[in-house]
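In: Build the 3D model from these lines:
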Amino acid sequence: MLKKLFLAILLASLSTVSGHPVASVKYSVDANHSTVGFSIPILDGISTVRGKFTDFAIDIDYDETDITKSSVTAKIKAASIDTGVEARDKHLRTADFFEVEKYPEITFQSTRIVKKGKSFIAAGTFTMHGVSKAIAIPFTNTGKFYNEKTKKNLLGFSAKLQLDRRDYGMAWKHSAVPNWVGDLVTIELVILVRT
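Out: This is a model prediction of the structure:
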């Protein structure tokens, strides 16, 4: 009995030694070193508008030994959209696009995470502009770091995917030039999380 108890204590201790967990660990986003970005083509690709959301929270429950036990929750404030042009950002906040007063948050809640080759896929429910859809986000783990001074674990992730804005009720077209704004939006995530 004592031998089993000693073994259990030893395993629990080893689970956090040198920042190499063997069980699920909770991480929160380091927003200062993360980007929730997007790009959309103009006039069928003649140009591209790039932007980002500046106010977001991402929480990850990460199990290094069994990725299927991991999960991710993300909340983005739609009003924080920033394309670098104030007039355009104001338009994007209106009912033509994000309608931020009625739909203040863009969210993602994973239901399943699996490994695929050297990459991973987070499947779950994505909600934007009041529309919820099941999507799969392919992502990679870009590395990990253990800060001896702060005793904090850092993990990096990146992801890239495309969404059709029309699927989320954003079908606005320029009255004079219907193809001025493209329909497919490329989402690019560079995320740093820490314990």
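
In: Near V29, how many other residues are there?
Out: Look at V29: counted by other Cβ atoms under 10 Å, it has 19 neighbours. Placement of C-beta: from N, CA and C, glycine included.

In: Run a quick check on it versus V190, I expect a contact.
Out: No. The pair V29 and V190 does not pass the contact test of Cβ atoms under 8 Å, sitting 10.9 Å apart.

In: Do a quick rundown of the helices in the protein.
Out: 2-14, 86-92 (DSSP state H).

In: Any idea how many residues pack against the spatially closest residue to N179 that is not a sequence neighbour?
Out: Setting aside the residues directly before and after it, N179 is nearest to D44 in space (Cβ to Cβ, 6 or more residues apart in numbering), at 5.7 Å. By other Cβ under 10 Å, the residues close to D44 number 9.

In: Show me where the chain dips below the pLDDT cut-off.
Out: Scanning the chain with the threshold set as pLDDT under 70 gives 1-22.

In: The same query, at a cut-off of 80, please.
Out: The chain contains residues with pLDDT under 80 at 1-23.

In: Now stretch 146-166: buried residues?
Out: Residues of stretch 146-166 classed as buried: N153, L154, L155, G156, F157, A159, L163, R165 (neighbour count, 16 or more other Cβ atoms under 10 Å).

In: which strand of the protein spans the most residues?
Out: strand 131-147 (DSSP state E).

In: List of residues touching it?
Out: 18-20, 108, 116, 118-127, 152-161, 163, 167-169, 189 (Cβ atoms under 8 Å, 6 or more residues apart in numbering).

In: Which strands border it, and is each parallel or antiparallel?
Out: Paired strands of strand 131-147, with direction, are strand 119-128 (antiparallel), strand 152-164 (antiparallel) (DSSP bridges).

In: now the longest one, how far from the centre of its chain.
Out: Just to be clear, that refers to strand 152-164. 6 Å (Cα atoms, centre = their mean, to the nearest Å).

In: same deal with the shortest one?
Out: In terms of Cα atoms, centre = their mean, the gap separating the centre of strand 119-128 from the centre of its chain is 9 Å.
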